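Asks: Below are the sequence and a predicted model; questions follow.
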Number of protein chains: 2
Amino acid sequence: MSESAGVVLVTGARGFVGAHCLPLLAARGLQVIAVSSAPVQSAPGVTWRTCNLLDPAACAALIERERPTHLLHLAWITTPGVFWSSPANLEWLAAGAHLVERFFQTGGKRAVAMGSCAEYRASDSACREDETPIQPATVYGKAKAAMHLALQAAAQDRGTFAWGRLFFPYGPGEAPGRFISSVIAGLLSGEPVDCTDGTQQRDFVFITDAAAACVALLQSERCGAYNIGTGTAVSLREVTDIIVRRLGRSELLRFGARAAPPFDPPRIVADPTKISAEIGWTPRVALEQGLLRSIEAMKQQRGASR
Amino acid sequence: MSESAGVVLVTGARGFVGAHCLPLLAARGLQVIAVSSAPVQSAPGVTWRTCNLLDPAACAALIERERPTHLLHLAWITTPGVFWSSPANLEWLAAGAHLVERFFQTGGKRAVAMGSCAEYRASDSACREDETPIQPATVYGKAKAAMHLALQAAAQDRGTFAWGRLFFPYGPGEAPGRFISSVIAGLLSGEPVDCTDGTQQRDFVFITDAAAACVALLQSERCGAYNIGTGTAVSLREVTDIIVRRLGRSELLRFGARAAPPFDPPRIVADPTKISAEIGWTPRVALEQGLLRSIEAMKQQRGASR
């Protein structure tokens, strides 16, 4: 992707990852077409387009009009508590298959789309892209793994692709109802937070690092799946310990009060060797620092909304 | 599937496998809804419905109207020489994801859909459903492997499914341009037949056996992938030897005159242990007998068309 040429279509552009990708892409002087299902005010360096990607005809018309050379496909159902099992996962698979097919059919060269650690078979070992079996337990993980195959099929003999397997993103802009956003919101407002038992270990990746990984994958010409994770697992209780050190009120955290989600193995951690070696991406924001920035962002947001 | 109840929706009902499934299903006293993209004259025990499954709204309306309890999803792009690499594979994946989602959403209980040996990583060993890596080399194989995941996702917590991995079907009704149909047609008409080098070993399964496997899978409640193959590999030259013993004219076969297709490993053979042990299906028609029936069918067809 040269600095002077290239039209990048970003789906899910208002989403958690997408919103953090836009400024990174625009800063590279790329023509950024950000796609959203609802009208959005344009920002410098970014052109917004309204499109319901679940409508194949609308999606085809968008691709035909914009003729992107690059695609960053982030749109998917992500509603906390719902996305694991929602039938909408199948709709997003169908829409994604259409989208990547139209993209390469219309001359697109490079596509990056977002997968998940939920594609892997649960294991205490670090997940490796080309070794850990793909054996998703959830509707979400199955649909994502299917989308990876759809992307491979669409790109074959026509272009290149990377498939990012995102672990546990957190940071400013995180949706209400996710784990870290719920804990910070509860402690800030003085309201109890129902948690699972909290001993699960997860690989949390700060959102600007995740966005930088997406952009690095888009700029590469390497093909394949790449973990987007740090390689470090921490328990949910360790995360809350850090937040509590800043905000106090640990008595508000009710561990064990909430049922575990459908995909809840004891430990999920990335092996980030491949993305580091082949793409040159490494995370920059340490957990403590990232949680601090999450807390500050939520304080500002609460201040602004008063 | 009880004898008295059950509405079976069959897609790809005019296709090679589908056409042979219909009488088997009707003979069981099931209500058979056969779906085709073009109008077809009704046959006893089978109700035909015209539907373009690539149109999600039309597909949803069909499911809503018929409310099938069982689904046998065979429709896909199968055009000889084209299907391996066609972008239409992505369209069929999207359509299939919609279809299975609507089916289970509308109360469907049991779905069987058709995969392929092209999903497996090429290997001289017999392919085992849960051991041989899924590593498709072609657009077709990738889209089929994605459809398997889509089916798993759609069925989760709502119903049961089986995924048949079909090896190399042959027999009466085989499309022109496929290997065995081309050889028989060429020798019958006295025209040269361009072949690949012919040393490749394949697992050929007679079409009525393949259809019986589909029906057996539909009647079972087992979940998972099942090979539909015989466990015996023969080379293409061995196949032509049998045909030549019947029809002569071996000089018409030009081995090496035709480029190999995109997916052409030296040997592809099923391990049929799982479908035999769990479903009780075994092939009945030996290769020699099946080829004889293919020859007789094509002779009749040629006679009828004069």
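Replies: Cool, the structure landed.
Asks: three-state assignment of A:Glu278?
Replies: helix (DSSP: H, G, I helix; E, B strand; the rest coil).
Asks: Leaving out sequence neighbours, find the closest residue to it.
Replies: Nearest in space to A:Glu278, with sequence neighbours left out and distances taken as CB to CB, 6 or more residues apart in numbering or on different chains, is A:Arg222 at 5.2 Å. In short, each C-beta sits where N, CA and C put it, glycine included.
Asks: try A:Ser123
Replies: Using CB to CB, 6+ apart and skipping residues adjacent in sequence, the residue nearest A:Ser123 is A:Thr132, 6.4 Å away.
Asks: mind listing what that neighbour touches?
Replies: Residues in contact with A:Thr132, defined by CB atoms under 8 Å, 6 or more residues apart in numbering or on different chains, are A:120-121, A:123, A:125.
Asks: who in chain A is up against chain B?
Replies: Counting by CB under 8 Å from any CB of the partner chain, chain A comes close to chain B at A:56, A:85, A:87, A:89-91, A:93-95, A:97-98, A:100-101, A:105, A:134, A:136, A:138-139, A:142-143, A:145-150, A:152-154, A:156-157.
Asks: For ChimeraX, write the select line for the buried members of those.
Replies: Those of the residues of chain A next to chain B that count as buried under 16 or more other CB atoms under 10 Å in any protein chain shown are selected in ChimeraX with:
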select /A:56,85,87,89,90,91,93,94,95,97,98,100,101,134,136,138,139,142,143,145,146,147,148,149,150,152,153,154,156
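Asks: ranges for the strands of the stretch 1-150 of chain A?
Replies: Secondary structure of the stretch 1-150 of chain A, counting by DSSP state E, counting those that start in this stretch: strands at A:7-11, A:31-36, A:46-50, A:70-73, A:110-116.
Asks: Using a markdown table, please lay out the ones you listed together with mean pLDDT and mean neighbour count.
Replies: Output for these, formatted as a markdown table (pLDDT from 0 to 100; neighbours: other CB atoms under 10 Å in any protein chain shown):
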| stretch | mean pLDDT | mean neighbour count |
| --- | --- | --- |
| strand A:7-11 | 97 | 25 |
| strand A:31-36 | 95 | 24 |
| strand A:46-50 | 95 | 16 |
| strand A:70-73 | 98 | 27 |
| strand A:110-116 | 98 | 26 |
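Asks: looking at the ones you listed, which is closest to B:Ala113?
Replies: Proximity to B:Ala113 (CB to CB) singles out strand A:110-116 among these, at 22.9 Å.
Asks: Give me the helices and strands touching that closest one, please.
Replies: Contact here means 3 or more CB pairs under 8 Å, 6 or more residues apart in numbering or on different chains; DSSP states H and E; on that basis strand A:110-116 packs against strand A:70-73, helix A:88-105, helix A:139-155, strand A:160-166, helix A:207-219.
Asks: how close does A:Arg202 get to chain B?
Replies: Note on A:Arg202: its distance to chain B, by CB to the nearest CB, to the nearest Å, is 23 Å.
Asks: Not counting its neighbours along the chain, what's nearest A:Thr47?
Replies: Leaving aside its sequence neighbours, A:Thr47 sits nearest to A:Ile33 (CB to CB, 6+ apart; 5.3 Å).
Asks: Over to A:Ile180?
Replies: Closest residue to A:Ile180 apart from its sequence neighbours, by CB to CB, 6+ apart: A:Tyr170 at 4.4 Å.
Asks: Surely the one you found touches A:Asp209?
Replies: No: if you go by CB atoms under 8 Å, A:Tyr170 and A:Asp209 don't touch, sitting 10.3 Å apart.
Asks: ok, these two, which is more surrounded?
Replies: Comparing A:Tyr170 with A:Asp209 by other CB atoms under 10 Å in any protein chain shown, the one with more neighbours is A:Tyr170, at 24 against 20.
Asks: Quick check: phi and psi on that one?
Replies: phi -150, psi 160 (degrees, to the nearest 10).
Asks: Mind listing the residues bridging to it?
Replies: Beta-bridge partners of A:Tyr170, counted by DSSP bridges, are A:Phe206.
Asks: quick one: it and A:Ser37, what's the gap?
Replies: Going from A:Tyr170 to A:Ser37 by CB to CB, to the nearest Å gives 24 Å.
Asks: Likewise for A:Asp124?
Replies: Distance from A:Asp124 to A:Ser37, counting by CB to CB: 39 Å.
Asks: and what of A:Thr208?
Replies: Here the criterion is CB to CB. By it, A:Thr208 lies 24 Å from A:Ser37.
Asks: next one: A:Pro169
Replies: According to CB to CB, A:Pro169 stands 21 Å off from A:Ser37.
Asks: The two: which has the busier surroundings?
Replies: The residue with more neighbours, out of A:Pro169 and A:Ser37, is A:Pro169; 23 against 16, by other CB under 10 Å.
Asks: Spatially nearest residue to that one, not counting backbone neighbours?
Replies: Per CB to CB, 6+ apart, closest to A:Pro169 is A:Ala210, 4.7 Å.
Asks: so that neighbour sits right up against A:Tyr170, yeah?
Replies: No: taking contacts as CB under 8 Å, A:Ala210 lies outside contact range of A:Tyr170: 9.2 Å.
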